[in-house]
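> Starting from these lines, generate the structure:
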Amino acid sequence: MTAIAWEKAAVHFADVDSPSTVDVELLRGEVCLVSGPTGSGKSAVLATINGAVPHTSPAMLTGRVHTMGRDTAGHPPRRLADVVAYVPARAADAFIATTVEDEVGYGLGRLHLSPAARSRRIDEVLASVGMAELRGRPLSALSAGQQRRVALAGALAAEPGVLVLDEPTAGLDPAGAAVIGQRLQLLARANGTTVVLAEHRAERVLERIDSVLYLSGDGEPAHYGPPADMLRPTQVAPPIIELSQLLRWDPPAITIAEALAAALTHPLPEPDAALELPAPAELPVATDEVVCEARGLTVRRGPLSAVRELDLSVRAGEIVALVGANGAGKSTLLQAFTGLAHPDHGTLDVLGVNPARLRGADRVRAVGLVPADPAELLLTDRVDRECAAADEEADVPSGRTAFVLDALLPGISPIRHPRQLSTGERQALALAIVLARGPRLILADEPTQGLDYPAKRRLVTMLRQLAGAGHAVVLATHDVEFTAALAGRVVTMADGAVTGDAGIADALRRGQLVTQVGQIMAPAPLFTVDDVRRELAG
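Predicted structure coming up:
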């Protein structure tokens, strides 16, 4: 039975040309990944399902969209809320309550449960997303990843016929992402819920999906089909499919189990000296200059310590990845290094100065943070004005921020309103604002959210160049593949403290970071597709 039907539907923005036309039907119980390059219109297509486009959007919808038999042209989101649950890319935008319990409980309103049954249901749903112990916590006290889990729990509690998710694993640690993937698949199989999600990290959901709706973003009609066929284009191919193509596996592997079987049954290709090699893998060399340092640092958030008794120093030329479960204190540590989170105990310095005392041009030159929510950096009404304002604030040559943005993610319209950009486009703009300033200490919280694979590769190149020029880079990230390609050092955090500190090679070999390629190629020390490509070329 059809759950969602797009009939020659396309979403038009005044300043964006050639949207993809969608003419596809999804069945009840189907799990469909909406894929495509950053800025190709995935979020806009998702927003047609619950009537947000055109009823609450400046965009224009042509064609028709029917959700659970209802024409969305006559049904705004409030009239589809009984059958559609929607979780936006910025999880906090979905909140209507102030505590975890009340937020999840709101979704149970239409089920008319008794107080005891309602309480049990809240416990069950929170446990299913790994948040049971935070039931009474204020939403404002949660990390971005924890907020996302609560938003997902609220959507699951409503038992919708259609569940729509925009970047559902962004900001989630690997364990949390796996739990969510399992939960979504179970929901589809057991309840017949149709799940539609846009997710740039396809490797996290590939084993859970039935189909892919691919948007090229260049005016071509949307393509729909099985994952192995739809994810072959280079710009959206996750590591496991890219590895399949490199090793000439036919059919390509979709799951780790399929890849392990293919590795046993397909001989390795002969070495090929003509194989196109990626950029050299050598990491920038760290100097003796300490750019930032924390000693005995404790930062409290409410009654709890978000960071406790922490020691960490980062030198010029280092690229450090902060990893750990959601709520481990990574974001708070980054905020402390900018002077935004004040220590309760211990000391902090950036280039020998307490960052809270940095002002004006000194602050801009010393430290820059790309926050978990890039909208925090966006203040004007057009992309070109945002870039010009960033140039002026940083006192850099006019046009530098726009140049960095175009190098990172080409093709963003300069007259778009920043808050109408896609998640990845906003992320690229925030990254450009900070990177164009060239601070000695570059901090980024989940820097790859919403970015497609080519954009992430360009970001790797930019950050390596900056580290090579003597900048220090500290990233809080759950993107294991990105970390393996970029970082030179991995610092693991848990409960606000550092629990591990190792070079990237040791972290990968010891299993502190587990990549898809690493699982497939073990015991060989090959952790990325580029590692395998170099091996074949050698």
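> three-state assignment of the closest residue to Leu377 other than its chain neighbours?
Nearest non-adjacent residue to Leu377, counting by Cβ to Cβ, 6 or more residues apart in numbering: Ala430, 4.7 Å away. Placement of C-beta: from N, CA and C, glycine included. Secondary structure state of Ala430, per DSSP: H, G, I helix; E, B strand; the rest coil, is helix.
> Return the residues in contact with the most centrally placed residue in the chain.
The centre of the chain sits closest to Gln449, judged by Cα atoms, centre = their mean, with a distance of 2.8 Å. Gln449 sits next to 89, 167, 170-171, 200, 372, 423-424, 427 when contact means Cβ atoms under 8 Å, 6 or more residues apart in numbering.
> what pLDDT does the nearest residue to Thr255 once chain neighbours are set aside get?
Using Cβ to Cβ, 6+ apart and skipping the chain neighbours, the partner closest in space to Thr255 is Glu207 (4.8 Å). If you check Glu207, the pLDDT there is 89.
> sorry, back to before: and the contacts of Gln449, which two are the farthest apart?
The span of these, defined through Cβ to Cβ, is set by His200 and Ala372 at 15.7 Å.
> neighbour count winner among those two?
His200 (27 against 23; other Cβ atoms under 10 Å).
> distance of the residue nearest to that one when sequence neighbours are not counted from Gly36?
Nearest residue to His200, sequence neighbours excluded (Cβ to Cβ, 6+ apart): Asp452, at 5.7 Å. Distance of Asp452 to Gly36, given as Cβ to Cβ, to the nearest Å: 8 Å.
> hmm, back to that, I figured the residue nearest to Leu377 hits Val370, correct?
Yes - in this structure, Ala430 is within contact of Val370 by Cβ atoms under 8 Å, at 5.1 Å.
> any residues in contact with both of these two?
Common contacts of Ala430 and Val370, defined by Cβ under 8 Å, 6+ apart, comprise Leu377.
> Can you show me the strands along the stretch 201-350 of the chain?
All strands of the stretch 201-350 of the chain, identified by DSSP state E, counting those that start in this stretch, fall at 211-214, 223-225, 290-301, 304-315, 319-323, 345-350.
> strands paired with the first one, and their directions?
Strand 211-214 has its sheet partners listed here by DSSP bridges as strand 31-35 (parallel), strand 223-225 (antiparallel).
> which one of the ones you listed lies closest to Ala502?
strand 31-35 (33.7 Å).
> Outside of the closest one itself, list whatever touches it.
The contact list for strand 31-35, computed with Cβ under 8 Å, 6+ apart, reads 26, 42, 45-46, 184-185, 188, 194-199, 202, 205, 208-215, 227, 230-231, 236.
> Identify each buried residue in stretch 345-362, please.
346, 348-351, 355-356, 358 (16 or more other Cβ atoms under 10 Å).
> Mind checking which of the contacts of strand 31-35 are buried?
Using 16+ other Cβ under 10 Å as the threshold, 26, 42, 45-46, 184-185, 188, 194-199, 202, 205, 208-215, 227, 230-231, 236 are the buried ones among those.
> Among those, name the ones in helices.
42, 45-46, 184-185, 188, 227, 230 (DSSP state H).
> Following the record's annotation, map out the domains of the chain.
Following automatic domain parsing, one gets these domains for the chain: 2-238, 290-516.
> Between the two ends of the shortest one, how far is it?
Looking back up the chat, that one is domain 290-516. End-to-end span of domain 290-516 (Cα to Cα, to the nearest Å): 34 Å.
> Put together a markdown table for the ones in helices among the buried ones among the contacts of strand 31-35, with pLDDT on each row.
Below are these laid out as a markdown table (pLDDT from 0 to 100):
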| residue | pLDDT |
| --- | --- |
| Lys42 | 93 |
| Val45 | 95 |
| Leu46 | 95 |
| Leu184 | 90 |
| Gln185 | 90 |
| Ala188 | 92 |
| Pro227 | 91 |
| Met230 | 88 |
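> Which two of those have the greatest separation?
The widest separation within these (Cβ to Cβ) is 21.7 Å, between Val45 and Gln185.
> Flag the shaky bits of this protein, pLDDT-wise.
For the chain, the stretches with pLDDT under 70 are 15-18, 110-111, 272-283, 302-305.
> For the nearest residue to Ala14 once chain neighbours are set aside, give me its contacts.
Of all residues not flanking Ala14 in the chain, Pro58 sits nearest, at 7.5 Å (Cβ to Cβ, 6+ apart). Applying Cβ under 8 Å, 6+ apart, we find Pro58 in contact with 13-14, 420.
> what distance separates stretch 74-82 from the middle of the whole chain?
Mean C-alpha position of stretch 74-82 versus that of the full chain (Cα atoms, centre = their mean, to the nearest Å) differs by 28 Å.
> buried sites along that stretch?
Residues of stretch 74-82 classed as buried: 75, 77, 80-81 (neighbour count, 16+ other Cβ under 10 Å).
> Okay, Leu33 and Ala202: tell me how far apart.
Applying Cβ to Cβ to Leu33 and Ala202 gives a distance of 7 Å.
> ugh, wrong one, Gly352
Per Cβ to Cβ, Gly352 is found 44 Å from Ala202.
> Then Thr477?
According to Cβ to Cβ, Thr477 stands 17 Å off from Ala202.
> Same question for Val529.
The gap separating Val529 from Ala202 is 14 Å, by Cβ to Cβ.
> now swap in Thr62 and tell me
For Thr62 relative to Ala202 (Cβ to Cβ), the value is 28 Å.
> In the stretch 251-400 of the chain, what residue spans correspond to helices?
Along the stretch 251-400 of the chain, the stretches classed as helices by DSSP state H, counting those that start in this stretch are 256-265, 330-338, 360-366, 383-394, 400-408.
> what about those, which gets the closest to Pro414?
That would be helix 383-394 among these, by Cβ to Cβ, at 3.8 Å.
> Which strands and helices lie in contact with the closest one?
helix 400-408, helix 423-437 (3 or more Cβ pairs under 8 Å, 6 or more residues apart in numbering; DSSP states H and E).
> again, 6 Å this time
helix 400-408 (3 or more Cβ pairs under 6 Å, 6 or more residues apart in numbering; DSSP states H and E).
> Can you give me the buried ones in the helix it packs on?
So for helix 400-408, counting by 16+ other Cβ under 10 Å, buried means 400-402, 404-406, 408.
> could I get the residues you listed as JSON lines with distance to Ala388?
JSON lines is the format used below for these (distance: Cβ to Cβ, whole Å):
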{"residue": "Arg400", "distance to Ala388": "10"}
{"residue": "Thr401", "distance to Ala388": "8"}
{"residue": "Ala402", "distance to Ala388": "8"}
{"residue": "Val404", "distance to Ala388": "13"}
{"residue": "Leu405", "distance to Ala388": "12"}
{"residue": "Asp406", "distance to Ala388": "14"}
{"residue": "Leu408", "distance to Ala388": "17"}
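> Tell me the one of the buried residues of stretch 74-82 nearest Glu393?
Closest approach between the buried residues of stretch 74-82 and Glu393, by Cβ to Cβ: Pro77, at 37.3 Å.
> for that closest one, what are its contacts?
Taking Cβ atoms under 6 Å, 6 or more residues apart in numbering, we find Pro77 in contact with 50-52.
> let's see 8 Å
50-52, 55-56, 84, 86.
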